[in-house]
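S.K.: kindly generate the corresponding structure for this input.
(chains A and B)
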Amino acid sequence: DAKTTQPTSMDCAEGRAANLPCNHSTISGNEYVYWYRQIHSQGPQYIIHGLKNNETNEMASLIITEDRKSSTLILPHATLRDTAVYYCIVRLLPNYQLIWGAGTKLIIKP
Amino acid sequence: DAGVIQSPRHEVTEMGQEVTLRCKPISGHNSLFWYRQTMMRGLELLIYFNNNVPIDDSGMPEDRFSAKMPNASFSTLKIQPSEPRDSAVYFCASSYWLDAGGQETQYFGPGTRLLVL
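M.R.: Residues are numbered from 1 along each chain as shown, chains lettered A, B, ... in the order given. From the prediction side, this is the model:
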């Protein structure tokens, strides 16, 4: 499975956009990029996923580069409740496997 | 929708005791996953069921661990006998398997924090 590389930690000011990068340089053409987050002591929460095109939902936007070797998760107006560990996962459908890395610890500061 | 329900939320037991963790998946989902999370190893998939049938149990650490899914709305993960190294947070997740399209998104429960003394 393709692996991902994320920064260990990031800070963002409350109310600003949080941009979380992810590198997946070995991704193959039929692998999706998934984002989950885990708020302290809770279960992982699904955020968004995409294949080639940029995606947006009520939680976030996902920007995937044209060569698909990297992506960025954007939380448009970060709040203190967005403080969490964010996981970028490359997943081959229809495989059920989610290969979890260490993620990025995002701290939203007032 | 109530989401994935797990019980108990916290469990403290002594080494050698039997521990049973329970999970109720989201109604309509036909796939269920058990994960374990520790600081050292992160999130690990233990076992995966599809339509109540275990498909992949390669992540189950050893024979002390067993999992069952007697029906579509209930699953258990049992540890017997428990050991201190089993201390971790155990998550259950569910999703829907599309015959043509494969697995949909997995949704996780709140987890069970297990401490074995």
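S.K.: enumerate the residues of chain A near chain B.
M.R.: A:34, A:41-46, A:49, A:93-98, A:100-102 (CB under 8 Å from any CB of the partner chain). (C-beta placed from N, C-alpha, C; glycine too.)
S.K.: all the strands of the chain, residue numbers only.
M.R.: Just going to use chain A. For chain A, strands defined by DSSP state E occupy the ranges A:9-13, A:18-23, A:31-38, A:45-50, A:55-56, A:61-64, A:70-75, A:84-92, A:104-109.
S.K.: other chain: chain B
M.R.: B:5-7, B:10-13, B:19-24, B:31-38, B:42-50, B:53-56, B:65-71, B:74-79, B:88-95, B:97-98, B:102-103, B:107-108, B:112-116.
S.K.: anything in the fourth one near chain A?
M.R.: In other words, strand B:31-38. Yes - looking at strand B:31-38 against chain A by CB under 8 Å from any CB, the contacts come from B:31, B:33.
S.K.: list of residues touching that strand?
M.R.: A:96, B:23, B:25, B:43-51, B:67, B:69, B:75, B:77, B:87-97, B:103, B:106, B:108, B:111 (CB atoms under 8 Å, 6 or more residues apart in numbering or on different chains).
S.K.: and what of the last one?
M.R.: Applying CB under 8 Å, 6+ apart, the contact partners of strand B:112-116 are A:41, B:6-15, B:17, B:19, B:21, B:79, B:82-91.
S.K.: what do you get for stretch A:45-65?
M.R.: A:30, A:32-39, A:68, A:70-76, A:86, A:91, B:105-108.
S.K.: which of these are buried, as a ChimeraX select command?
M.R.: Filtering these down to the buried ones (16 or more other CB atoms under 10 Å in any protein chain shown) takes a single ChimeraX command:
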select /A:33,34,35,36,37,38,68,70,71,73,74,75,86,91 /B:106,107,108
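S.K.: B:Tyr35 and A:Ala60: what is the separation?
M.R.: Distance of B:Tyr35 to A:Ala60, given as CB to CB, to the nearest Å: 23 Å.
S.K.: more neighbours, these two?
M.R.: B:Tyr35 (26 against 19; other CB atoms under 10 Å in any protein chain shown).
S.K.: next, count neighbours for A:His49.
M.R.: Around A:His49 there are 17 residues (other CB under 10 Å).
S.K.: likewise for A:Gly15?
M.R.: Neighbours around A:Gly15, by other CB under 10 Å: 10.
S.K.: quick check: the gap between B:Ala2 and A:Asn23.
M.R.: Counting by CB to CB - B:Ala2 and A:Asn23 are separated by 37 Å.
S.K.: which one of the two is surrounded by more residues?
M.R.: A:Asn23 (16 against 7).
S.K.: contacting residues for the closest residue to that one other than its chain neighbours?
M.R.: Once flanking residues are discounted, A:Asn23 sits nearest to A:Thr5: 4.2 Å by CB to CB, 6 or more residues apart in numbering or on different chains. A:Thr5 sits next to A:22-24, A:101 when contact means CB under 8 Å, 6+ apart.
S.K.: and for A:Lys109?
M.R.: A:11-14.
S.K.: now with 6 Å?
M.R.: Residues in contact with A:Lys109, defined by CB atoms under 6 Å, 6 or more residues apart in numbering or on different chains, are A:11, A:13.
S.K.: just for the chain, where's the confidence low?
M.R.: Picking chain A for this. Filtered on pLDDT under 70, chain A yields the residue ranges A:1-2, A:93-95.
S.K.: hm, I was asking about chain B
M.R.: In chain B (pLDDT under 70), the answer is B:1, B:99-103.
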